[in-house]
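1. Predicted coordinates and the sequence they were generated for:
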Amino acid sequence: MNKNNNEPKYTVSYSLKGKDFLEGGKASSKIKSRLKDLGISPEIIRRVAIIAFEAEMNVIIHAYHGTIKAEIDPEKIAIETVDKGPGIEDVEKAMEEGYTTAGPEVLEMGFGAGMGLPNIKRYSDEVDVTSQVNEGTRLYATVYFN
Amino acid sequence: MKLQEVKDILNAKVLVGNLKEFDENSFAIERVFASDLMSDVLAFAEERTMLLTGLTNLQAIRTAEMLDIEVVVFVRGKLPNQEILNLASEKGIIILATDNSMYDSCGRLYQKGVKGMS
C-alpha cells in the first residue's frame, strides 16, 4: 500500500483487549508522550490524543480485541484502530451524535453516549471507517500539520 | 482566581498536588467545565480549564491527561481509590474533592466570576 516513498517515518502500535476498562487510555497516553518527545505542537498533540483516546475506548467498549497505531510522517499524523468484534451495522448512523449501542455499564464510566465517532470526526481532518458485521471495524483518522 | 481560593470556596480537600506551587507557576483559574460524561469533556473542554466531575474512575484522569487539564475537582463527596490518585500524581494533575454537589459547586464558583465554556 505505502509504496512510492510514502512509507511512514515513525510508527507506534499497541494491542487492545475488549472490556479491559482499567487499561483504557493507556495506549493513547503512550502515543501522546511519544508525540511530545518528537516535539510536535501541543495543539496537534491535543487533537491526536483525543482521537486516539476515543478510538481506543471504542475498541475496548465494543470489540473483543484489536490494535491502535499512530503513524507520523512529515505532513500528517494518522491514528488507526483495527478490531475483531461485532462491527457496526450502519456506519453513517454511528457518526451521528447521540447514536449508541453501548450498555449502561459503559455510560457509568463516562462513555457510551454516542459521542465517540462524532468526536473523532470533530478533531480529524479526514476519517475513514469501514466495518463488517460480526467481523470487525477499521478506523483511520488523519490530522494534517497545516 | 487562585486555586487556593477555589479550594476555600468549595470547602475542598486536596488529594493530589501542591496548590501553592500551582498558583505561583501556572495559570489563574478562569474557566470550568462540569460534566460526568467524558465524551462531552473531550468534545467541548478547552485548555486552561478546570474539570468538575462526579466520575471518580481512571477514565476521568485519562480524559484530563489527553486534554492537558491540570486540575480536577471531584464533587458530591466522591473519593477515588489510590490507583486513580497515583495516576493523577504521575501525570501532574491536581485533585481536589468537595462534598458540595455539582450544581452547588458550579454556582459557588460562578458567583465569584469563574465562567464556563459558552
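-> Structure's in. What do you need?

2. Tell me the secondary structure of the most centrally placed residue in chain A, please.
-> Taking C-alpha atoms, centre = their mean, the centroid of chain A lies closest to A:A55, which sits 2.7 Å from it. At A:A55 the chain is in helix, as set by DSSP: H, G, I helix; E, B strand; the rest coil.

3. Then B:F33?
-> What three-state DSSP gives for B:F33 is strand.

4. quick one, phi/psi of the nearest residue to it once chain neighbours are set aside?
-> Distances taken as C-beta to C-beta, 6 or more residues apart in numbering or on different chains put B:A45 closest to B:F33, at 4.2 Å, once the chain neighbours are dropped. To be clear about C-beta, it is placed using only N, CA and C from the backbone, and glycine gets the same treatment. Dihedral pair for B:A45: phi -70, psi 140, per degrees, to the nearest 10.

5. ok, B:A45 to A:Y10 distance?
-> Using C-beta to C-beta, to the nearest Å, B:A45 is found at 29 Å from A:Y10.

6. same thing with B:I95?
-> Using C-beta to C-beta, B:I95 is found at 34 Å from A:Y10.

7. more crowded one of the two?
-> Each of B:I95 and A:Y10 has its neighbours counted (other C-beta atoms under 10 Å in any protein chain shown); B:I95 has more, 25 against 12.

8. The helix or strand of chain A with the lowest mean pLDDT packs against which elements?
-> The weakest-scoring helix or strand in chain A, judged by mean pLDDT, DSSP states H and E, is helix A:104-107 (a mean of 88). Contacts defined by 3 or more C-beta pairs under 8 Å, 6 or more residues apart in numbering or on different chains; DSSP states H and E place helix A:104-107 against no helix or strand at all.
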